[in-house]
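1. sequence plus the predicted model coming up.
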Amino acid sequence: MRSRFPLWPSASPVVALVALLAGSLTVAGLAPAASAQNMAVPSYFYPSPTGPTSTLWPQMDSAAPTLKIAVVNPDSGPGSIPDVNYQSAVHSAQKAGITVLGYVYTSYGQRSLPDVESDVNAYYGWYGVNGIFLDQAYSADCSEQPYYAQLYAYVKGKGGTVILNPGTQTQACYVPDSDILLTFEGTDSQYVQSYSAPSWVRRYPPSHFWHLIYSTSSLSAMTQAISLSKQRNAGYVYVTPDALPNPWDTLPSGSYWNGELSAIVR
């Protein structure tokens, strides 16, 4: 399963402090900090009818409507043939009210558009997804904007939601080419100590941003991360104690899971 977990450069303490303070201020012309949020989960675990992962998709279903989005990823994409277990899991999640997106990687704008569109078609044909999660999105500058604009139009032509995942802060030029931007994907310590965002982020509603925080070991650290995500204008969030090499191959459980759902809607 393809995954990408870079360690993003730390921002200066001054920039990080300004970003944190900005999250708690209401400034004319800027979006306020997020209050109630939704959970969005990269659900990179197999929906087996039996075994250790058999309860995970039902656990997500039972968390709706707080859990709003799940990303399905059979094999770093749709795989080579349809999988009946994924078909059943997608259908059940949608019935619970969850928006299910198919994972497609873009190699930072270098993967051929026909190959990406072929994966998009497979997800719609085999699994009837509600949209596409475009991973490995280019973010350094606006040079790949036409590439993502074409993919956005292609998925929107199917009536789907588009999420771009650079995994870090990106350029405002990519806002029109996505419904949601995933602008943080990293560890809890990185999120607390070195997160920063460009000023343009505050001009858009929280519903346009998603933060993913892993290696968050305690309940208190989890609630702190969610509080910070609200201050930082993220309308979608997911926090997990899971860690590398794949933080998205399970779900939190027990008081951690229930506490996270409660903290998100507060």
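-> Perfect, I can see it now.

2. from here on, contacts and neighbour counts on C-alpha atoms
-> Fine.

3. could you list the low-pLDDT ranges of the stretch 51-200 of the chain?
-> Judged by pLDDT under 70, the stretch 51-200 of the chain has no weakly predicted residues.

4. quick one: the helices in it, in order.
-> For the stretch 51-200 of the chain, applying DSSP state H, counting those that start in this stretch gives helices covering 56-62, 84-95, 113-122, 145-156, 188-194.

5. what packs against the last one?
-> For helix 188-194, the packing partners by 3 or more CA pairs under 8 Å, 6 or more residues apart in numbering; DSSP states H and E come out as helix 13-23, strand 209-214, helix 219-231.

6. least confident of those, on average?
-> Mean pLDDT per stretch puts helix 13-23 lowest among the helices and strands packed on helix 188-194, at a mean of 34.

7. which helix or strand lies directly C-terminal to that helix?
-> strand 38-43 (DSSP states H and E).

8. may I have that following strand exported as PDB, CA atoms only?
-> What follows is strand 38-43, C-alpha atoms only, in PDB (Å, rounded to 0.1, in the frame of the first residue of the first chain):
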ATOM      1  CA  ASN A  38     -16.300  16.500  11.700                       C
ATOM      2  CA  MET A  39     -14.000  13.500  11.700                       C
ATOM      3  CA  ALA A  40     -12.500  12.300   8.400                       C
ATOM      4  CA  VAL A  41     -10.500   9.100   8.500                       C
ATOM      5  CA  PRO A  42      -8.000   7.600   6.100                       C
ATOM      6  CA  SER A  43      -9.400   4.100   6.500                       C
END
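
9. report the angle between that strand and strand 209-214.
-> Counting by axes from the mean of the first three to the mean of the last three CA atoms, to 10 degrees, strand 38-43 lies at 50 degrees to strand 209-214.

10. list the buried ones in strand 38-43?
-> Using 16 or more other CA atoms under 10 Å as the test for burial, strand 38-43 gives 38-43.

11. elements contacting it?
-> Here strand 38-43 touches strand 67-72, strand 236-239, helix 254-265, going by 3+ CA pairs under 8 Å, 6+ apart.

12. the second one pairs with which strands, and in what direction?
-> It stands for strand 236-239. Pairing partners of strand 236-239, with direction, according to DSSP bridges: strand 38-43 (parallel), strand 209-214 (parallel).

13. sweet, I'm off.
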